[in-house]
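# Any chance you could fold what I've pasted below:
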Amino acid sequence: MLTCQKEKFNLPEDISYLNCAYMAPLLEKVKQAGYQGIAAKESPFQIVVSDFFEPAEEVKKLYARLINASDSNRIAIIPSVSYGMANVAKNVNISSENNIVLVEEQFPSNYYAWKRLADESGASIKIVPAAKNDENRGECWNQQILEAIDSQTALAAVPNVHWADGTKFDLKSIRQRTSEVGALLIIDGTQSVGALPFDLAEIQPDALICAGYKWLLGPYAFGLAYYGDYFDGGRPIEETWINRDKSEHFQGLVKYQNDYKPKAFRYNVGEFSNFILLPMMKAALEQLQEWQVGKIQAYCKRMTAPFLRQFEEMGCWIEKENFRGNHLFGVRLNDHFDLEKLKIEFEKKRVFVSLRGSAIRIAPHLYNDEKDFEKLLSCFTNARTKVLV
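Below you'll find the model as predicted:
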């Protein structure tokens, strides 16, 4: 059973950082890996050909194990979710008769690519709104997604959990429905992979795109993407020398190659051999492997459960446990709270959360403990304008 791991980070003692969904703080070992990478780049005469390829392969293998992917050759290194989604959008077979299914208010990087694709192809976008019924909001929202996917759906692009409030989507059922109609399933795993167990072998998405700087605890401008066999033979959004066959033979690079390296290799970003970011991502993934994602989720559940009951007793709304993550959830206020006063309380007590849409988004990790939630709860208590009796 995991305990608080705050000593592995460098967070100030007087802050309560409940905002990993915004950006993860760097582990000390990740920071040190970055320093070592800078030192290596300082001496380029020590960088050899294998350094362009082997560290990247190590990171891909670590990530493949994390998501239970059997083939690390299906993992590509990307700089951002938008980059990973652009590779998908460039290779989707779609026409004006098709539709693209999205969920309401999902993160823009999982919207703009599909908006462009729809504009260029004439396809329509079907945005599935959140259910209005608070009592069964998550369950109803999931059902509405399944109903929106029809015989004309070319793809459904959904997250595992909603970035604004942690609503969890039933990917297994959505995968079954997309398979029935011959549609692709494209998943943005940025707000879940690394903190919520994800089994690629079970879900079998056509693509899983994930930024590295949140729950993967890695650096900014680094992400990882899985591309299934639908994308074998596709066209990447950029043509970089290193993704081509025989690119490890530097002397022969002017013997231009028509063929790419196998499977997802063609979708790697140019200069993926980043001598600073790759070691940082590797260190983060190794730590996640040691902790185990399921145990991270269990820690968050144990830590938050008593406090969530107190939020509900104050009249706040929180999604039912079956339809939210324990690492990321939204708290919605009733009219007995003064939101502006609550913001002041957060600032005064140095509690860091995010306001996203109509929810106050709370996103804890292993560097948090009960004291952080006691401070958080006191902010809500002090912002009440009326006490329920």
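# those strands in the stretch 51-200 of the chain, which residues are they?
Assigned by DSSP state E, counting those that start in this stretch, the stretch 51-200 of the chain shows strands spanning 75-78, 99-103, 124-128, 153-159, 184-188.
# Give me whichever of the ones you listed is most buried.
strand 75-78 (a mean of 27; mean count of other Cβ atoms under 10 Å). Heads up, the C-betas are built off the backbone N, CA and C, glycines and all.
# picking that back up, residue 360 is nearest to which of the strands of the stretch 51-200 of the chain?
Residue 360 lies closest, by Cβ to Cβ, to one member of the strands of the stretch 51-200 of the chain: strand 153-159, at 19.0 Å.
# could you dump the closest one to PDB, C-alpha only?
Coordinates of each C-alpha in strand 153-159 appear next as PDB, following Å, rounded to 0.1, in the frame of the first residue of the first chain:
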ATOM      1  CA  THR A 153     -19.900   7.700 -37.700                       C
ATOM      2  CA  ALA A 154     -16.400   7.700 -39.000                       C
ATOM      3  CA  LEU A 155     -14.800   8.200 -35.600                       C
ATOM      4  CA  ALA A 156     -15.500   8.900 -31.900                       C
ATOM      5  CA  ALA A 157     -12.800  11.000 -30.200                       C
ATOM      6  CA  VAL A 158     -13.200  10.900 -26.400                       C
ATOM      7  CA  PRO A 159     -11.100  11.200 -23.300                       C
END
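# follow-up on the earlier one: among the strands of the stretch 51-200 of the chain, which is nearest residue 273?
Minimum separation from residue 273 across the strands of the stretch 51-200 of the chain (Cβ to Cβ) falls at strand 75-78, 8.8 Å.
# domain ranges for the protein?
For the chain, automatic domain parsing gives the domain ranges 6-20+292-382, 30-290.
# Those into JSON lines, with extra columns for mean pLDDT?
As requested, the domains of the chain are exported to JSON lines (pLDDT from 0 to 100):
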{"stretch": "domain 6-20+292-382", "mean pLDDT": "95"}
{"stretch": "domain 30-290", "mean pLDDT": "96"}
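# still on that earlier bit, of all the strands of the stretch 51-200 of the chain, which one comes closest to residue 86?
strand 75-78 (9.3 Å).
# And stretch 18-38, what's buried?
18-21, 24-27, 29-31, 33-34, 37 (16 or more other Cβ atoms under 10 Å).
# Return the closest of those residues with respect to residue 82.
Set against residue 82, the nearest of the buried residues of stretch 18-38 by Cβ to Cβ is residue 21 (17.8 Å).
# and that closest one, what helix or strand is that in?
Assigned by DSSP states H and E, residue 21 falls within no helix or strand.
# and it, what pLDDT?
Note for residue 21: predicted pLDDT of 97.
# Look up phi and psi at it.
Main-chain torsions, residue 21, degrees, to the nearest 10: phi -70, psi -20.
# thinking again about what came up before, what's the most distant pair in the buried residues of stretch 18-38?
Pairwise distances across the buried residues of stretch 18-38 (Cβ to Cβ) peak at 29.7 Å, for the pair 18 and 37.
# Please, which helix or strand holds residue 279?
Applying DSSP H and E as the criterion places residue 279 in helix 277-291.
# buried sites along that helix?
Judged by neighbour count using 16+ other Cβ under 10 Å, the buried positions of helix 277-291 are 277-288, 291.
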